[in-house]
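requesting a structural model of the entry that follows:
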Amino acid sequence: MKFHYYFFLLLSLLINTTVLAQEKAKDKDPFYIRLTVDEDLFLVQSTDQFYSFGAEIKVGFKGLDNKFTRSFLFAQKEGHSLFDFGIVHKMYTPRNSQLTEVDSSDIPYCGVTYLSITRQAFNPSNGLVIKTRLDVGFVGELSGAKAFQNGFHNLIGNGSIDGWDNQIANGLYLNYTAEVMHNFISSFKYSDVFLVGRGTVGTMDMSFEGSLFLRLGIFNDYFVQAERPYSKKTNLDNFYSIRKTRYSKAKYAESFWIGDEEVRRSAISNWVHHHFKPNQFYVKFITGAELNLYDGEMSGSLISFESSPYVIPYNMTPKLLYKVSIGFVLSYHFGSLEYNWDRITYDPENNFPPYYPKWGRFNINLNL
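Reported below is the predicted structural model:
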């Protein structure tokens with residue numbers, strides 16, 4: 001059970017580092033914590049195949065915005081940024097988890113564990129958000145997925161799953177992702193719409209995606225601090241430097257552009273007061289398509305440390321994916337709870353995996 005030791009050692013170092021950094025900040029800025037669990041058991045009918053489990057813990061605080069992180073996570077010319085950093089673990093299993101030999105008609109076992117750092121750069125003047133993310137870790141037995149799942153199954157009396165002996169081989173997990181979100185102004189104040197484009201390149205993923213992101217309900221303006229819960233410590237100074245553009249003229253009040261600075265600041269303060277509140281409740285809907293050029297969870301890492309017992313050949317991996325996600329978010333002051341239902345449809349449908357992958361996701365967010 002070495003994985004558990006290293007996992008909790010890394011987790012404790014992560015927590016200690018963030019706590020020390022927060023102490024240095026003297027509580028002047030929010031400290032953000034996000035815990036996510038993906039599990040097919042969170043569905044009405046469990047599938048227990050393909051993407052069967054995922055967990056991550058991430059933190060965000062001002063100390064992550066430094067010269068080093070700014071060197072590879074990009075910002076916009078104006079506006080502010082939010083950073084988060086954490087550890088992610090995911091596992092993928094075939095339909096028949098009882099088989100001990102390779103099944104060439106199904107997907108291979110695969111586990112990944114990696115560190116992830118993200119920057120969201122906001123430009124409220126033009127309605128743009130740019131996200132960049134770097135993921136670094138391992139795929140294969142080094143990820144600890146075999147030890148984790150078998151340890152859990154032994155704990156509950158189900159016995160080990162021998163199929164993990166045929167998992168994707170050890171390799172480097174190294175991906176870089178860039179995402180652009182453009183906000184469309186809605187005449188209905190209880191709706192929010194973004195057009196999203198994403199690209200990822202790396203050893204485990206080469207893909208491009210376009211999607212539509214919709215929120216309906218009572219929510220804070222996305223350009224304040226994205227979907228994080230409310231915090232009294234949030235720095236709102238960036239809104240006082242909003243420029244007059246085609247987008248901002250349509251979204252914000254005319255009093256934003258009055259020459260008198262006192263009147264202008266009063267108008268902006270009034271707007272922020274009405275668009276940044278402690279309580280939120282909304283439904284979110286994401287739909288889109290992905291061009292899948294390389295999938296390391298099926299074919300292994302492009303930088304592999306050893307050969308895999310079984311991978312899906314590149315010409316058999318699905319190249320076009322359709323995605324749907326429906327979620328519900330309840331936020332009260334500094335905390336929020338979110339549930340999402342996610343599903344992927346592959347084209348052509350007769351390729352891997354054999355069934356439509358779907359799973360449930362719970363997020364717990366704290367902004368202290």
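
need the pLDDT of E349.
E349 carries a pLDDT score of 60 in this model.

ok, V263 next?
On pLDDT, V263 comes in at 82.

which parts of the stretch 251-368 of the chain are strands?
Listed in chain order, the strands of the stretch 251-368 of the chain (DSSP state E, counting those that start in this stretch) span 279-295, 320-332, 335-347, 358-367.

shaky segments in the stretch 251-368 of the chain?
348-355 (pLDDT under 70).

quick one on the thing from earlier: with distance to I117 and mean neighbour count added, can I get the strands of the stretch 251-368 of the chain in a markdown table?
C-beta: built from backbone N, CA, C; applies to glycine. Formatted as a markdown table, those follow (distance: least, CB to CB, whole Å; neighbours: other CB atoms under 10 Å):
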| stretch | distance to I117 | mean neighbour count |
| --- | --- | --- |
| strand 279-295 | 22 | 16 |
| strand 320-332 | 23 | 16 |
| strand 335-347 | 21 | 17 |
| strand 358-367 | 18 | 18 |
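
would CSV of the ones you listed with distance to K189 be doable?
Converted to CSV, the strands of the stretch 251-368 of the chain look like this (distance: least, CB to CB, whole Å):
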stretch, distance to K189
strand 279-295, 12
strand 320-332, 17
strand 335-347, 20
strand 358-367, 23
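
wait, which of these is closest to L236?
L236 lies closest, by CB to CB, to one member of these: strand 358-367, at 14.0 Å.

could you measure from N340 over to Q120?
As judged by CB to CB, to the nearest Å, N340 and Q120 stand 19 Å apart.

do N270 as well
The gap separating N270 from Q120 is 25 Å, by CB to CB.

same check, this time on K232
From K232 across to Q120, the span is 20 Å (CB to CB).

specify the beta-bridge partners of the closest residue to N340 other than its chain neighbours.
In space, and not counting its chain neighbours, N340 is closest to G327: 3.8 Å by CB to CB, 6 or more residues apart in numbering. With DSSP bridges as the criterion, G327 is bridged to K284, N340.

quick one: contacts for G327?
Contacts here follow CB atoms under 8 Å, 6 or more residues apart in numbering; on that basis G327 touches V283, K284, F285, I286, E338, Y339, N340, W341, R361.

just R343 next, same as before
K323, V324, S325, Y356, P357, K358.

go ahead and confirm the fifth one touches F50.
Yes. Under the criterion of CB atoms under 8 Å, P357 is in contact with F50, at a separation of 3.9 Å.

comparing the two, which shows the higher neighbour count?
F50 (24 against 20; other CB atoms under 10 Å).

ok, the more buried one touching Y92?
Yes. Here F50 reaches Y92: they are 6.0 Å apart, a contact under CB under 8 Å.

now do the shared contacts for those two.
With CB under 8 Å, 6+ apart as the test, F50 and Y92 both reach I107.

for L35, helix, strand, or coil?
strand (DSSP: H, G, I helix; E, B strand; the rest coil).

run through the bridge partners of the nearest residue to it once chain neighbours are set aside.
Using CB to CB, 6+ apart and skipping the chain neighbours, the partner closest in space to L35 is I364 (4.6 Å). According to DSSP bridges, the residues that bridge with I364 are L35, L337.
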